[in-house]
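Visitor: I would like to see how this sequence folds:
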Amino acid sequence: MRNISLTSSNLISKKILFIDGLSRSAKSLLGPIIGSFKKTYPMQHQNLIDNLLQLLQINLVSKNVCKSLINIFLNESIYYLNLSRNVNFRPDDNSSVLKDKNYKLFIKNLTRKEGDQIINQIKKDKKLPIYMSHDLLSVVDLLEKIIPDFRILHIIRNPIDNIFSFYSKYNKRYRGKKYNIDNPRFFSLAFKKNEKLFPYYAIKNSNFFLNLNNLEKATYYYLKIIEKSQIKYKNFKNKKKIKIIPINNLVQNQNDIIN
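Guide: Below is the predicted model of the structure:
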């Protein structure tokens, strides 16, 4: 079995764009703007690529397995998107297709017959797929090995605003005397240690992390990921694939940033 090389067909033959940034960095503000262009799909949420690349980094999954699973995911997500299968129709969600320029098409596609004609249409349209990610800049060297023709728009936000926003959202979910992310709503990679679940970025300092209050935990997350991302970006040779966008610039100079 070790000599078997996994592979899969490639449905997406052009660039893939990631709207990347730490949790609560305002990716949901930029994503719909880019998704409104003529030759783009609406931004889709995903956790698989984020989690697989973190596993690849610590050698818990091979490059071959990682690449095959991600390719299958990309094929399936674009195929399903063109059938309005597994798409978000919740009107208040930022990722809802009801907010997309082609929302009527997504409603119409609910009755569309599936088959190879969908694949042919996808290849003919050549639209740009857009995915939201969280910590891809921190593993950008590995991303290039798996998806060579990627592009990243990495959003950065004032660190105080970012940390407070992250803390405000998750404090209610995880508050209490005993910290435990054993919750099905936690979709990021976690490891079990001493009968507790820890996020992947805290596993090396789990005892120290456990003694922090929730605001300190949010700060720990921010500092760990941003430090790692800065190092990876500094050492990454193909910086043309990455554009760093301060969210304040987007808010104040929309036309310049969008152009």
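Visitor: Helices of the stretch 101-250 of the chain, start to end?
Guide: 103-108, 116-125, 140-146, 159-174, 206-210, 214-235, 247-252 (DSSP state H, counting those that start in this stretch).
Visitor: Distance from the chain centre to the fourth one, please.
Guide: Think helix 159-174. Offset of helix 159-174 from its chain centre (Cα atoms, centre = their mean, to the nearest Å): 19 Å.
Visitor: Number the chain from 181, please
Guide: Let's use 181 as the start, then, which means that last one is helix 339-354.
Visitor: could you give the angle of that helix to helix 394-415?
Guide: 130 degrees (axes from the mean of the first three to the mean of the last three Cα atoms, to 10 degrees).
Visitor: Please work out the average pLDDT along helix 339-354.
Guide: In this model, helix 339-354 carries a mean pLDDT of 83.
Visitor: what do you get for the shortest one?
Guide: Over the span of helix 386-390, the pLDDT mean works out to 87.
Visitor: where are the low-confidence patches of the stretch 281-430 of the chain?
Guide: Applying pLDDT under 70 to the stretch 281-430 of the chain flags residues 353-363.
Visitor: Need the pLDDT of residue 432.
Guide: On the pLDDT scale, residue 432 gets 90.
Visitor: how close does it get to residue 426?
Guide: Residue 432 sits 9 Å away from residue 426, going by Cβ to Cβ, to the nearest Å. (C-beta placed from N, C-alpha, C; glycine too.)
Visitor: most packed of the helices of the stretch 281-430 of the chain?
Guide: Of all the helices of the stretch 281-430 of the chain, helix 320-326 has the most neighbours on average by mean count of other Cβ atoms under 10 Å, namely a mean of 18.
Visitor: Give the burial count for the nearest residue to residue 223 once chain neighbours are set aside, as a bare number.
Guide: Take residue 223 and drop its neighbours on the chain: the residue closest to it by Cβ to Cβ, 6 or more residues apart in numbering is residue 211, 3.5 Å away. Look at residue 211: counted by other Cβ atoms under 10 Å, it has 23 neighbours.
Visitor: who are the neighbours in contact with residue 211?
Guide: Residue 211 sits next to 199, 223, 274-275, 310, 312 when contact means Cβ atoms under 8 Å, 6 or more residues apart in numbering.
Visitor: about what we covered before: format the helices of the stretch 281-430 of the chain as TSV; extra columns: distance to residue 231.
Guide: As requested, the helices of the stretch 281-430 of the chain are exported to TSV (distance: least, Cβ to Cβ, whole Å):
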stretch	distance to residue 231
helix 283-288	27
helix 296-305	26
helix 320-326	12
helix 339-354	18
helix 386-390	19
helix 394-415	14
helix 427-432	25
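Visitor: List just the one of the ones you listed that sits closest to residue 205.
Guide: helix 339-354 (5.7 Å; Cβ to Cβ).
Visitor: outside of the closest one, which residues touch it?
Guide: In contact with helix 339-354 (Cβ under 8 Å, 6+ apart) are residues 202-205, 337, 360-361, 363, 365, 394-395, 397-399, 401-402, 406.
Visitor: again with stretch 271-281
Guide: In this structure, residues lying in contact with stretch 271-281 by Cβ under 8 Å, 6+ apart are 208, 211-212, 215-216, 222-225, 264, 267-270, 283, 286, 312.
Visitor: rerun that using 10 Å as the cut-off
Guide: 207-209, 211-212, 215-218, 220-225, 261, 264, 267-270, 283-287, 289, 312 (Cβ atoms under 10 Å, 6 or more residues apart in numbering).
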